[in-house]
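Participant: quick one, structure for this:
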Amino acid sequence: METKNAWLKYDEKKRKEIFSFSEQYRQFLSQCKTERECAAEAVAQAEAHGYRNLMDVVAKKEKLVPGDKVYAVCMDKTIALFYLGTEPMEQGMNILGAHIDSPRLDLKQNPLYEDTELAMMDTHYYGGVKKYQWVALPLAMHGVVVKKDGSKIAISIGEDAGDPVFGVSDLLIHLSADQLEKKGKIVIEGEDLNLNVGSIPSKEEKEPVKKAVLSILKEKYDFEEEDFRSAEIEIVPAGAARDYGFDRSMIMGYGHDDRVCAYPSLQAMFRLETPKRTAVCLLVDKEEIGSVGATGMQSRFFENMVAEVLQAMGEYSEIAVRRTLQHSKMLSSDVSAAFDPNYPSVMEKNNAAYLGHGLCFNKYTGARGKSGSNDANPEYLAQLRRILDENQVSWQTCELGKVDQGGGGTIAYIMANYGMEVVDSGVAVHNMHAPWEIISKVDMYEALLGYVAFLENA
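Facilitator: Now for the predicted structure:
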């Protein structure tokens, strides 16, 4: 079964629409490099489209009715949007779920030190990374510093043309004989991912360069060394996402996994008229490290917000929450690996995703014998096939590489624990988890169309 390149079905006018939507995404990807930044932008766009804060509705004891649009945020890192449908919520919701965290380096809680008159910062990598990809690369700092009085200082250094950047040094080729004998996973050790952040000494006798950097932090950003203990600062590739290829058909950028699915999921919500089934967009944190913690999918946040919505509609009961979740249907909107002709040996061509061939469906993920996966039901897949074909959405099925080659997972299995129908569905990516990833613009557009069709018809 072969799929066709989605570009072939579009005329020049439609291609301009695809490029216009992709430019909006490119700007989003360039500006939102952390889960906090993504969540804040999602709130801003949601409010511009008439969504209200669910907690404000609860505080005012207002009643929600079909057609109402609300959102809820968890700790500034996870957001859920609800567009209430005309059917009772107990009959289920149609859910798009993506994650907005991406692999990166995080500053440690006591990061700053001096070594041979260089100011350095310790980091701890986050998520699955090839550590050697993070050296000799311009890096930016994004995050927040929270002082003891509760005040927050937003940090974004390295994105503007006038900003400095930072980096982890690499060993020169002339002295790399021993290093190049190592296996790839230890060519660069995790404990060696240290940032160089300054070299001009102050007049202090002890740690003069470190003291000079602390003076800059105090003067420009109004925080002191001890404030690092309550900071959350992420180190990400510096610079904007860029059009990729002579024909500009692709985008190279940091964080496509999984913002290339999060963005069309969000935009799909804004293209709806009042739906029959309540439509939900869920953008979560911590997927890259197992969906743990209060802002990860394994927390009770989403379940609690479903309960709050039912309560505000005057329909709450414990059994109503259970029925609402069990009768729901979900697209776990996460990326898949695109076939790469540079590395064909890890793929099985008949079951690989291809750039430009549309929205991807992974019936199962996991590793080895499907361990840790959600294996979607064929009845659900048949329904989705009908919806996509009736709405002329280009789509493809795929696996994450050859059997026993590796594997991966998403939030799908967690939501499936409620008994709802779930399948992984997203955009194919080259360079997944590298600092700079690549996607096809038409694939993201097909994702948008597919997500709208799902919300309206599932």
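
Participant: from here on, just use CA atoms for contacts and neighbour counts.
Facilitator: Will do.

Participant: from residue 334, how far off is the residue most central in space within the chain?
Facilitator: The centroid of the chain falls nearest to residue 100 when counting by CA atoms, centre = their mean (2.7 Å). Residue 100 sits 10 Å away from residue 334, going by CA to CA, to the nearest Å.

Participant: just checking, residue 453 is part of a helix?
Facilitator: Yes - the assignment for residue 453 is a helix, going by DSSP: H, G, I helix; E, B strand; the rest coil.

Participant: these two touch, right, it and residue 389?
Facilitator: No - at 9.9 Å, residue 453 does not count as touching residue 389 under the criterion of CA atoms under 8 Å.

Participant: looking at the two, which is more packed in?
Facilitator: residue 453 (21 against 13; other CA atoms under 10 Å).

Participant: that one: what's it in contact with?
Facilitator: 387-388, 391 (CA atoms under 8 Å, 6 or more residues apart in numbering).

Participant: buried ones among these?
Facilitator: By the neighbour-count criterion of 16 or more other CA atoms under 10 Å, the contacts of residue 453 include these buried positions: 387-388.

Participant: can you lay out the contacts of residue 453 as a markdown table showing pLDDT and secondary structure?
Facilitator: Below are these laid out as a markdown table (pLDDT from 0 to 100; DSSP: H, G, I helix; E, B strand; the rest coil):
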| residue | pLDDT | secondary structure |
| --- | --- | --- |
| 387 | 98 | helix |
| 388 | 98 | helix |
| 391 | 97 | coil |
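
Participant: ok, back up a step: between residue 100 and residue 334, which contacts overlap?
Facilitator: Among the neighbours of residue 100, those also in contact with residue 334 (CA under 8 Å, 6+ apart) are 257-258.

Participant: backbone dihedrals for residue 149, please?
Facilitator: phi -80, psi 0 (degrees, to the nearest 10).

Participant: ditto for residue 83
Facilitator: Here is the backbone geometry of residue 83 (degrees, to the nearest 10): phi -120, psi 110.

Participant: that one - how many residues pack around it?
Facilitator: Neighbours of residue 83 using other CA under 10 Å come to 26.

Participant: so what's it up against?
Facilitator: 67-70, 269, 274-275, 278-280.

Participant: got the contact list for the strand or helix carrying residue 16?
Facilitator: Residue 16 is part of helix 12-31 when elements are defined by DSSP states H and E. Contact with helix 12-31 is made by 7, 37, 239-242, 251, 253-256, 259-260, 263, 441-442, 444-445, as judged by CA under 8 Å, 6+ apart.

Participant: is it true that residue 133 touches residue 434?
Facilitator: Yes - using CA under 8 Å, residue 133 is in contact with residue 434, at 6.8 Å.

Participant: more neighbours: which of those two?
Facilitator: residue 434 (24 against 13).

Participant: for that one, helix, strand, or coil?
Facilitator: coil.

Participant: you'd agree it is up against residue 132?
Facilitator: No - with contact defined as CA under 8 Å, residue 434 does not reach residue 132; the gap is 9.9 Å.

Participant: walk me through the domains of the protein.
Facilitator: Here the domain parsing of the chain from automatic domain parsing is 6-102+254-457, 104-237.

Participant: ends of the first one, what's the gap?
Facilitator: Counting by CA to CA, the length from the leading to the trailing residue of domain 6-102+254-457 is 22 Å.

Participant: same question for the shortest one.
Facilitator: End-to-end distance of domain 104-237 (CA to CA): 8 Å.

Participant: could I get the average pLDDT for that domain?
Facilitator: The average pLDDT within domain 104-237 is 96.

Participant: quick one: the helix or strand containing residue 450 to chain centroid distance?
Facilitator: Residue 450 is part of helix 441-457, with elements assigned from DSSP H and E. Helix 441-457 has its C-alpha centroid displaced from the chain centroid by 17 Å (CA atoms, centre = their mean, to the nearest Å).

Participant: and what of stretch 376-384?
Facilitator: 25 Å.

Participant: in the longest strand along the chain, which residues are buried?
Facilitator: The strand that spans the most residues within the chain, counting by DSSP state E, is strand 104-115. Neighbour-count burial for strand 104-115 flags 104-114 (criterion: 16+ other CA under 10 Å).

Participant: which one of those residues sits closest to residue 173?
Facilitator: residue 105 (24.4 Å; CA to CA).

Participant: may I ask which of the contacts of residue 83 comes out lowest in pLDDT?
Facilitator: residue 274 (89).

Participant: residues touching the spatially closest residue to that one that is not a sequence neighbour, list them.
Facilitator: Distances taken as CA to CA, 6 or more residues apart in numbering place residue 67 nearest to residue 274, at 5.3 Å, with adjacent residues excluded. Contacts for residue 67 (CA under 8 Å, 6+ apart) come out as 83-86, 274-275.
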